[in-house]
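> please find the sequence and the predicted model below.
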Amino acid sequence: MKILAIESSCDETAVAIVEDGHVLSSLVSSQIDIHKKYGGVVPEIASRKHLEIVDRLVLQAMEETDLTLEEIDIFAATMGPGLVGSLLIGLSVAKGLAISLNRPFIGVNHLYGHVYANLISYPELRQPFIVLLVSGGHTEILLMEEWNTVEMVGKTRDDAAGEAFDKISRLLGLGYPGGPEIEKAARGGSPIYSFPRPLQEKGNYDFSFSGLKTSVLYFLQRNPGVSVEDVAASAQEAIVDSLVTKTFDAAQNLAVDKIAFAGGVAANFLLRERAIEMASKRGIRVFFPPIDMCTDNAAMIAVAAYEKAKRRLYSPLSTNAVPYLSLDVF
Amino acid sequence: MKILAIESSCDETAVAIVEDGHVLSSLVSSQIDIHKKYGGVVPEIASRKHLEIVDRLVLQAMEETDLTLEEIDIFAATMGPGLVGSLLIGLSVAKGLAISLNRPFIGVNHLYGHVYANLISYPELRQPFIVLLVSGGHTEILLMEEWNTVEMVGKTRDDAAGEAFDKISRLLGLGYPGGPEIEKAARGGSPIYSFPRPLQEKGNYDFSFSGLKTSVLYFLQRNPGVSVEDVAASAQEAIVDSLVTKTFDAAQNLAVDKIAFAGGVAANFLLRERAIEMASKRGIRVFFPPIDMCTDNAAMIAVAAYEKAKRRLYSPLSTNAVPYLSLDVF
Amino acid sequence: MKYLIVDTSSRTLLLSASNGKGDVSLSLKDLDRHGAILAVVIKQFLDLLEISPADLDFLGAGVGPGSLTGLRVGLSTIKGISLPYNIPVVPFNSFDPLAEGICFDDFVICRKGREGHFYWRTYLKKRPGETLFSSIVEIKEKLDKSIVVCSERNEELVDFQDYRTFLLEPSPVLMRKIVLEAFRSGKILSGLDLEPVYLQKSVAEINWDGRNSRKT
Amino acid sequence: MKYLIVDTSSRTLLLSASNGKGDVSLSLKDLDRHGAILAVVIKQFLDLLEISPADLDFLGAGVGPGSLTGLRVGLSTIKGISLPYNIPVVPFNSFDPLAEGICFDDFVICRKGREGHFYWRTYLKKRPGETLFSSIVEIKEKLDKSIVVCSERNEELVDFQDYRTFLLEPSPVLMRKIVLEAFRSGKILSGLDLEPVYLQKSVAEINWDGRNSRKT
Amino acid sequence: MERSTEKIYELGKMNIDQLLKLAGEIGERLCGGETILLYGDLGTGKTTFVRGLARGLRIEERLVRSPTFNIINTYPGRLILVHADLYRLGNQRELLDLDLEDLGDDNTVMAIEWPEMYRPFVELPCLIVKLKHWSENERVVSLSSLDEKTDGLLSFLK
Amino acid sequence: MERSTEKIYELGKMNIDQLLKLAGEIGERLCGGETILLYGDLGTGKTTFVRGLARGLRIEERLVRSPTFNIINTYPGRLILVHADLYRLGNQRELLDLDLEDLGDDNTVMAIEWPEMYRPFVELPCLIVKLKHWSENERVVSLSSLDEKTDGLLSFLK
Ligand SMILES: Nc1ncnc2c1ncn2[C@@H]1O[C@H](COP(=O)(O)OP(=O)(O)OP(=O)(O)O)[C@@H](O)[C@H]1O
Ligand SMILES: Nc1ncnc2c1ncn2[C@@H]1O[C@H](COP(=O)(O)OP(=O)(O)OP(=O)(O)O)[C@@H](O)[C@H]1O
Ligand SMILES: Nc1ncnc2c1ncn2[C@@H]1O[C@H](COP(=O)(O)OP(=O)(O)O)[C@@H](O)[C@H]1O
Ligand SMILES: Nc1ncnc2c1ncn2[C@@H]1O[C@H](COP(=O)(O)OP(=O)(O)O)[C@@H](O)[C@H]1O
Ligand SMILES: [Mg+2]
Ligand SMILES: [Mg+2]
Ligand SMILES: [Zn+2]
Ligand SMILES: [Zn+2]
């Protein structure tokens, strides 16, 4: 079964073709360059670029795979969460293709896409497993017991981990998106400052990153000439430390021996390093999507759509963009 | 499961409510009086009367059963064969009701309705059985092996048995419909004339009644003062003799030990008499619908719809009237 | 105000519906299968507008003149929808929405019936006259040459080349307009009493009687 | 001629389609969910008209001016339908079908954009001028008091009480008319090159830059 | 209907075999697009004539049955034979609803019993068959071709 | 927006507990239909203030999270609290697409971070909260009530 998926929930336009869970093509046309100068995503510009590029990207995927659109069995797109104006473009093009070729259409929850990105490298990965979903909008420890349901074990109480990276990057005068910028800067520095790691009580799997943001702000105010690299390394250390400790504690407590990572922050190298260390210590297996499958991409959407398609769970053409889609709906 | 069915394929408007195959109400508002003066069905007038009466008839059925329309689970109507203008009225009202109450709609083949009329009296009747379907448009010996398929064993090569009754009635100057008129006249006469019974070769289960029609015509021309009653009795004898002999031969040959009768002509008393005689002689069980379920009615449509409903075989709202619907489609 | 209005008197099916906030105006021209299509589009648009039929304030139905088969499909569907909740029905002459779109003072609307015959109705100073069914010869005898002949189909206007002619476009929007006005002035009846304008009646019977005498 | 035409630039979704014999004209007003509705009605009517998308001779798409979100839904759906078979697309200015229904000599069509701003285009002797996006103050400075101001919404005409005003009714029939003419005169492009009329562009950027400087 | 060249052939009395043979010969010569109107009282053999046509069209003869009730029967063969019986139709509206014209094309032959009502709509090429009772086994037959094409069908009579 | 009776309350420096208490007191007095606009730079405590409002509205405090990414979070309680963050919105079109007005009714309170763009659309009753950085643990707080109803909320300050 060949699925073509479109992802346009935020700042990347992405198109992928996946056959029975196997990625044939995954294209991402990042708009980050455009957004960089504004220090964040400009929805108006994002939608515009999506619209300009999305169908050419579909054609490019067809060329790359040497397939014709008629050979595609199902068309999928991200239906949320994300920016309405951006989501609608991928959704509408996918629906248009489905109508034109008389194929089913499947709408996918972007967050499940991140979770299922793990199946690309590890098709053998089976429920139950713990997921640490860490992205711009999410920081959650999830227990996935069934293919289409997750239970929340812990979550951020304020800012998401990615949001923390982004906002701290801004405070440090670094670029957008903050994650890679801080990671890069951190390489040139050392984590010599200790920023807060709140909620450390045992059995508490929630996170809090808003204090970190203000800590950094005032630290910078108090220490005007401080090395940006050292602050970046220290902030990163604080975030990663919280994430890893709590996630492993949760897994151990729930007696689950697999942890999958998902979302843009899962691309963070320090996070991977620390997780692998901890995994071997605690006898838990960890799964990371390929780096390019951590940040937004369409292959993960296609793979998630495949899970629905196998069960013939198609979506109606009335599927609308849902900007704040929760984890309740696959 | 409560089904309300509407039958308006020809000259009777009929409404019935059937619960799980059990008739709660069956109303027939015959238009025959109107048509009598024209010696046949006047489609224009038929549709008009259907439209005037159909919804009042539905209300009457509701009153009679002390139910409300909201308690009906499914709406059904005859979709063919029949006159388009007439069929459309029952179909459209049933669809309107289904839309209004958000219930499924089921379109029924009138001929299967006639066959299933037997289930009203004999709910235990199970396939396989032979059906003699004899009506104005049909004269067929059918083998029903599955609930929704029949195989044709024999059929008329020209006029249908009911058509023969109607046309001969016309030649005799009797009224419309011909069947009951001839039956009534025959009671005052004797079958002293021998009219042709063609295709009598063994193993031939086909009928032919067009020769009978001309035989009677010329017999009347040659014998101007002859008793109409005697001719009626003789013609009826010829028709019934053909029907019974061939049907039983077919059953015996196919080793089926049940014969169900269906269609307007199955109301014929002579036919029933002869069939019962023959049945006891040959060790075959015969089934006759109640007299009022032989001619057109809606209870048989509801009972047939129930067979589909049990299997959740609902019809789309695009179901159109099919004037010459064949036996291929339930 | 929630309503559903249909006109199936011609080869153009008109539908208008509202859920009180948004509305739909639909015209389906020459699809030729009112029997198969009407219920489908009604259901589609009730669903799209999220109207539950029980909540309808009224139904509207064009009662002709026009195709009797078309009218029967429309009226019997409306009867079916009306029945469970006794939803009042606004009947309207199917020529009135057409007339609404014409800006001449004096005109006549013609619609083809059986071969050589037309349904017709004159509108003098916008006031409608009687709806009639006549042969084209008869109509021309009665019509002043100054009147504008209006019809929905070019083929039909051809018969009136000696008149000023005007091609109508049936509009669901004008249909809604006249039905809303009628509803506001209380022109409603029960679905049970809904029936088409029967003008061909006598013709049908004469026709039959003629054939009948020929046969026997 | 088989075609499918949509305009999603305003709160009234317009659709017109034909299978070469019959056709459909649909307007859906104030349903507010183009994103959820457009694909549904397109599919419904392609099915109802028994049109297989591969057989479409062309697609038509209103490119605005108007709601960018609405336009993006319309244009990206049309892009999706066009892509597999490379079906040519006729783009049209969304004001043109509106202008088609106006019988004044000189008029201007206005459609609300962001608060206090309008998209507008003058038509002098029926000839369209440039499509612009300006604040209401700016527009009034430029508009002669003799011109008739036309808009689809009464709320918008309120801003022009000092002018003669006219309330427009968006019509899928007029939309079809202008698109058929455009198609016949060869005004087609590939779906890949379809894009909306971007008039708010500079405003969006100014807006952003303003906020941006405020924040840092 | 434009009557270009109506030619009438009075064939006198015929028994059923002759009638079937006549119809069969015509059936063999049909090339699609023709309409055959069958006039005649009850039992004069209209349906029988159609059975003959079917034979000439290599249609399984047993398929041909009286369409009085169904109004239209359709039989596949060398050409498709559309067999209609308008006996039960009450008015033209009902007739128009049948869309008879839509059923006909170049691969189709239409044979219509009780065609009085259809006459105003018939298109050329068209052949008219008139049957009258004579005796139990004989009918008086006349044929009229309304155009050159159907007249060609009857060349074997000359 | 008609400014009937704007009243400004400069409350000076507050620590987080004071801020939460202030917000909590306001939250307790909310009766539905109010809009609260929260102005202030990164990390000044807008989301924190909303957490205080939630407390006063008997909403489980843990539900309150930064809506920066989601743009809108909704929390059920004594009244429904709609918590929006317009930080990421680029233009008014996107804002209008959110249908914020549609989310508000008499059982709802709206709290909006980064509300600059929403200002032209806001309806009364409306309360404005302005937060400024002072020190790591203190913020300078000012409140403005734009109407009598929201001014009533602040009676405890007098
Ligand atoms: N007096 C104070 N008032 C508010 N917050 C305080 C105070 N002192 C310390 N803080 C801390 O400052 C942080 C404020 O972050 P918060 O996310 O609420 O700000 P925000 O204004 O919503 O930021 P953003 O612009 O990222 O949305 C919290 O961690 C909070 O604990
Ligand atoms: N010479 C003949 N030609 C035609 N039919 C004949 C002839 N001689 C006898 N018959 C018989 O007359 C009958 C004609 O019946 P048929 O049903 O064909 O007539 P019809 O004109 O179609 O009648 P209806 O008006 O009922 O449709 C057949 O039974 C046929 O065998
Ligand atoms: N290498 C990285 N280290 C830490 N954070 C990262 C890294 N790469 C991306 N991110 C963060 O991940 C977030 C983007 O996550 P992603 O899952 O791509 O998007 P979204 O949240 O839009 O679904 C941003 O906040 C970004 O800063
Ligand atoms: N008692 C009877 N004896 C013989 N034929 C009858 C009798 N009653 C009805 N018929 C014939 O049955 C036919 C009507 O059959 P019916 O099944 O009611 O209608 P349809 O053929 O329209 O489905 C008519 O031809 C009628 O003459
Ligand atoms: Mg016959
Ligand atoms: Mg915040
Ligand atoms: Zn993501
Ligand atoms: Zn019957």
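Arrived safely, thanks for sending. Ligands and ions are numbered 1, 2, ... in the order given.

> just for the chain, where's the confidence low?
Answering for chain A, as no chain was given. Within chain A, the ranges that satisfy pLDDT under 70 run A:31-46.

> nope, chain E please
In chain E (pLDDT under 70), the answer is E:1-4, E:90-94, E:96-99, E:102.

> now do the helices in it.
E:16-29, E:46-56, E:92-98, E:100-103, E:148-153 (DSSP state H).

> quick one: buried residues of the last one?
Of the residues in helix E:148-153, those with enough neighbours to count as buried (16 or more other Cβ atoms under 10 Å in any protein chain shown) are E:150-151, E:153. All C-beta spots, glycine's among them, are computed from the backbone N, C-alpha and C.

> got the CA coordinates for it in PDB?
The C-alpha trace of helix E:148-153 is given here as PDB (Å, rounded to 0.1, in the frame of the first residue of the first chain):
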ATOM      1  CA  GLU E 148     -35.500   5.000 -48.500                       C
ATOM      2  CA  LYS E 149     -33.600   3.100 -45.900                       C
ATOM      3  CA  THR E 150     -36.600   1.100 -44.600                       C
ATOM      4  CA  ASP E 151     -37.800   0.800 -48.200                       C
ATOM      5  CA  GLY E 152     -34.500  -0.900 -49.000                       C
ATOM      6  CA  LEU E 153     -35.300  -3.500 -46.300                       C
END
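
> got any ranges where chain C has weak pLDDT?
Within chain C, the stretches with pLDDT under 70 are C:115, C:200-216.

> now do the helices in it.
Using DSSP H, helices in chain C cover C:34-48, C:68-82, C:96-100, C:136-142, C:154-157, C:172-184, C:201-215.

> which residues touch residue 154?
The chain I'm using is chain A. By Cβ atoms under 8 Å, 6 or more residues apart in numbering or on different chains, the residues touching A:G154 are A:140-141, A:204-207, A:246, A:250.

> meant chain E, my bad for not saying
By Cβ under 8 Å, 6+ apart, E:L154 lies in contact with E:7, E:9, E:26, E:127, E:143, E:145.

> do you know how far the closest residue to the fifth one other than its chain neighbours is from D:A61?
Sequence neighbours aside, E:Y9 is the residue nearest to E:L143 in space, at 4.5 Å (criterion: Cβ to Cβ, 6 or more residues apart in numbering or on different chains). Distance of E:Y9 to D:A61, given as Cβ to Cβ, to the nearest Å: 63 Å.

> isn't A:A77 up against A:N109?
No - using Cβ atoms under 8 Å, A:A77 is not in contact with A:N109; the gap is 11.2 Å.

> okay, the two: which has more neighbours?
Neighbours per residue, other Cβ atoms under 10 Å in any protein chain shown: of A:A77 and A:N109, the larger number sits with A:A77, 35 against 23.

> what helix or strand does the more buried one sit in?
Element membership for A:A77, per DSSP states H and E: strand A:74-80.

> the residue of the stretch 51-200 of chain A found nearest chain F: what's it in contact with?
The minimum distance from the stretch 51-200 of chain A to chain F, using Cβ to the nearest Cβ, falls at A:G137 (2.9 Å). Applying Cβ under 8 Å, 6+ apart, one finds that A:G137 lies in contact with A:81, A:160, A:162-163, F:68-70.

> on that earlier part again, distance to ligand 8 added to the buried residues of helix E:148-153, as TSV?
Converted to TSV, these look like this (distance: Cβ to the ion, whole Å):
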residue	distance to ligand 8
E:T150	38
E:D151	43
E:L153	39
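
> what is the burial count for the residue nearest to A:R197 when sequence neighbours are not counted?
Nearest non-adjacent residue to A:R197, counting by Cβ to Cβ, 6+ apart: A:S242, 5.1 Å away. Neighbours of A:S242 under the rule other Cβ under 10 Å: 24.

> A:R312 - that's part of a helix, no?
No - counting by DSSP: H, G, I helix; E, B strand; the rest coil, A:R312 is not found in a helix; it is coil.

> for it, grab the count of nearby residues.
So A:R312, with other Cβ under 10 Å, has 7 neighbours.

> repeat that for E:S135.
E:S135, neighbours per other Cβ under 10 Å, totals 12.

> so how far is A:V28 from the nearest residue to it once chain neighbours are set aside?
The shortest distance from E:S135 to any non-neighbouring residue, by Cβ to Cβ, 6+ apart, is to B:Y218 (7.3 Å). Distance, B:Y218 to A:V28, by Cβ to Cβ: 90 Å.

> between these two, which has more neighbouring residues?
Counted by other Cβ under 10 Å, B:Y218 and A:V28 do not tie: A:V28 has more neighbours, with 18 against 14.

> in contact with that one, which residues?
A:12-14, A:292, A:295-298.

> as CSV, those with neighbour count, secondary structure and distance to D:S94 would be great.
Below are those laid out as CSV (neighbours: other Cβ atoms under 10 Å in any protein chain shown; DSSP: H, G, I helix; E, B strand; the rest coil; distance: Cβ to Cβ, whole Å):
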residue, neighbour count, secondary structure, distance to D:S94
A:E12, 21, strand, 30
A:T13, 28, strand, 25
A:A14, 28, strand, 30
A:D292, 12, helix, 40
A:T295, 28, coil, 37
A:D296, 26, coil, 32
A:N297, 26, coil, 35
A:A298, 34, coil, 31
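
> domain-wise, how is chain A divided?
A:2-115+A:297-310, A:127-289 (automatic domain parsing).

> C:L13 and ligand 2: what is the separation?
According to Cβ to the nearest ligand atom, to the nearest Å, C:L13 stands 37 Å off from ligand 2.

> pull the number of nearby residues for the closest residue to ligand 4 within chain E.
Nearest to ligand 4 in chain E, going by Cβ to the nearest ligand atom, is E:F69, at a distance of 6.3 Å. By the criterion of other Cβ under 10 Å, E:F69 has 23 neighbours.

> what does the stretch 101-250 of chain A put close to ligand 3?
By the rule Cβ under 6 Å from any ligand atom, the part of the stretch 101-250 of chain A lying against ligand 3 is A:110, A:135-137, A:162, A:165-166, A:177-180, A:183.

> in TSV, list the buried residues of helix E:148-153 along with distance to A:E145.
Compiled in TSV, the buried residues of helix E:148-153 are given as follows (distance: Cβ to Cβ, whole Å):
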residue	distance to A:E145
E:T150	79
E:D151	84
E:L153	79
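
> would you map the helices across the stretch 151-300 of chain A?
Along the stretch 151-300 of chain A, counting by DSSP state H, counting those that start in this stretch, helices occupy A:161-171, A:178-187, A:210-222, A:228-254, A:269-282, A:291-294, A:299-310.

> of the ones you listed, which approaches ligand 8 most closely?
helix A:299-310 (46.9 Å; Cβ to the ion).

> pull the CA atoms of that closest one into CSV?
Provided in CSV are the C-alpha atoms of helix A:299-310 (Å, rounded to 0.1, in the frame of the first residue of the first chain):
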residue,chain,number,x,y,z
ALA,A,299,7.3,10.4,6.3
MET,A,300,6.2,10.2,10.0
ILE,A,301,2.7,11.4,8.9
ALA,A,302,2.6,8.7,6.2
VAL,A,303,3.7,6.0,8.6
ALA,A,304,1.0,7.1,11.1
ALA,A,305,-1.6,7.1,8.3
TYR,A,306,-0.5,3.6,7.4
GLU,A,307,-1.5,2.4,10.9
LYS,A,308,-5.0,3.8,10.2
ALA,A,309,-5.1,2.6,6.6
LYS,A,310,-4.3,-1.0,7.6
